[in-house]
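Student: Pasting the sequence and the predicted model now:
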Amino acid sequence: MTLEIDNVELFFKEKRILNGIYLKAETGHITGILGSNGCGKSCLLKIIFGDLNPKYKLIRINSKPILKPLYQTKLVSYLPQHHFIPNNLNTKTAFKLFNVDWIDFTITFPSFAFFENLKFHRLSGGERRVVEVFLILKSSSKIILLDEPFSHIAPLYIKKITSLIETEKHQKAIIITDHMYQHIVDVSDAIYLLKNGCSKLINNLKNLRIISI
Ligand SMILES: Nc1ncnc2c1ncn2[C@@H]1O[C@H](COP(=O)(O)OP(=O)(O)OP(=O)(O)O)[C@@H](O)[C@H]1O
């Protein structure tokens, strides 16, 4: 599956945030997005998901334009920047709702086995993020959007999540952004830099350093 987003123009009042965006994601590939604070990374993911309506955009899947919001297609799962699971939901129910296997989770993250029946507000910010990232990555959607999956997460868990992303990419198209620049560079097969509202495909990291100066 190939997902393309093209011709994005996003304004908030008169302020232009995005223009001249092109980005492609494919099954088997991890597509990283880098850029400074406020350059529009989260907005771009929201536009792809269908949660934010820009002035213009064109989304294609396998070259075919998709006119309805992607979230209505069941093709996509989206990890927003902020916690999205209600405080009073317990972990077991969340795994049921997402149709993800709790045992599979505790095999990867054994220290979470004690949390099986805990409400989400009892978890730390980092623990909660680990669960959220796992649920999104393991969902059956063929397109995965990850906004800051590494934020607040300890290095040991970052390693595990990186290897999960690498496993899941074989049947999914994954788009990822995070301020932990090095993790994005390490895990991505292609990287787009957002700057001045435009996206630029970075072919080698030397270019990334020159362009970002
Ligand atoms: N609902 C909104 N109303 C007005 N301006 C907004 C709104 N949402 C985002 N913006 C502005 O759009 C710009 C892009 O925001 P966005 O959250 O996409 O940036 P980002 O690249 O993800 O930043 P960060 O790396 O800090 O998370 C920012 O200048 C932000 O202030």
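Tutor: Now that the structure is in, tell me what you want to look at. Numbers count the residues shown, from 1 in each chain.

Student: Tell me the residues of the chain that contact the ligand?
Tutor: 12, 17, 35, 37, 38, 39, 40, 41, 42, 43 (Cβ under 6 Å from any ligand atom). (Glycine included, C-beta is placed from N, CA and C.)

Student: Show the model's pLDDT score for residue 20.
Tutor: With respect to pLDDT, residue 20 has a value of 86.

Student: Report how many residues lie close to it.
Tutor: Other residues lying near residue 20 total 13 when counted by other Cβ atoms under 10 Å.

Student: which residues touch it?
Tutor: Residue 20 is in contact with 8, 197, 198, 199, counting by Cβ atoms under 8 Å, 6 or more residues apart in numbering.

Student: For this structure, which segments are assigned as helices?
Tutor: Counting by DSSP state H, the chain has helices at residues 41-49, 91-97, 102-108, 125-137, 155-168, 181-187, 205-212.

Student: so where's this structure uncertain?
Tutor: 204-213 (pLDDT under 70).

Student: Would you mind getting the angle between the longest strand seen in it and helix 41-49?
Tutor: Longest strand in the chain by number of residues (criterion: DSSP state E): strand 2-12. With axes from the mean of the first three to the mean of the last three Cα atoms, to 10 degrees defining the directions, strand 2-12 sits at 120 degrees from helix 41-49.

Student: Work out the sheet partners of strand 2-12 and label each with its direction, please.
Tutor: strand 15-18 (antiparallel), strand 22-26 (antiparallel), strand 56-61 (antiparallel) (DSSP bridges).

Student: neighbouring contacts of the second one?
Tutor: Which is strand 22-26. 1-7, 31, 33, 44, 143, 173-175, 190, 192, 199.

Student: buried stuff in it?
Tutor: Across strand 22-26, burial judged by 16 or more other Cβ atoms under 10 Å covers 23, 24, 25, 26.

Student: Including distance to residue 82, could the helices of the chain go into CSV?
Tutor: CSV is the format used below for the helices of the chain (distance: least, Cβ to Cβ, whole Å):
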stretch, distance to residue 82
helix 41-49, 10
helix 91-97, 16
helix 102-108, 21
helix 125-137, 10
helix 155-168, 18
helix 181-187, 19
helix 205-212, 26
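
Student: any chance of those helices in TSV, plus mean neighbour count?
Tutor: Formatted as TSV, these follow (neighbours: other Cβ atoms under 10 Å):
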stretch	mean neighbour count
helix 41-49	22
helix 91-97	16
helix 102-108	14
helix 125-137	20
helix 155-168	15
helix 181-187	16
helix 205-212	12
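
Student: Of those, which is nearest residue 59?
Tutor: Closest of those to residue 59 is helix 41-49, at 6.8 Å (criterion: Cβ to Cβ).

Student: Can you say which of the contacts of strand 22-26 are buried?
Tutor: Neighbour-count burial (16+ other Cβ under 10 Å) applied to the contacts of strand 22-26 gives 3-6, 31, 33, 44, 143, 173-175, 190, 192, 199.

Student: Tell me how far the residue positioned nearest the centre of the chain lies from residue 79.
Tutor: Of all residues in the chain, the one closest to the mean position by Cα atoms, centre = their mean is residue 146, 1.2 Å from it. Using Cβ to Cβ, to the nearest Å, we find residue 146 at a distance of 5 Å from residue 79.

Student: what residues are shared contacts of these two?
Tutor: By Cβ under 8 Å, 6+ apart, the residues touching both residue 146 and residue 79 are 133, 136.
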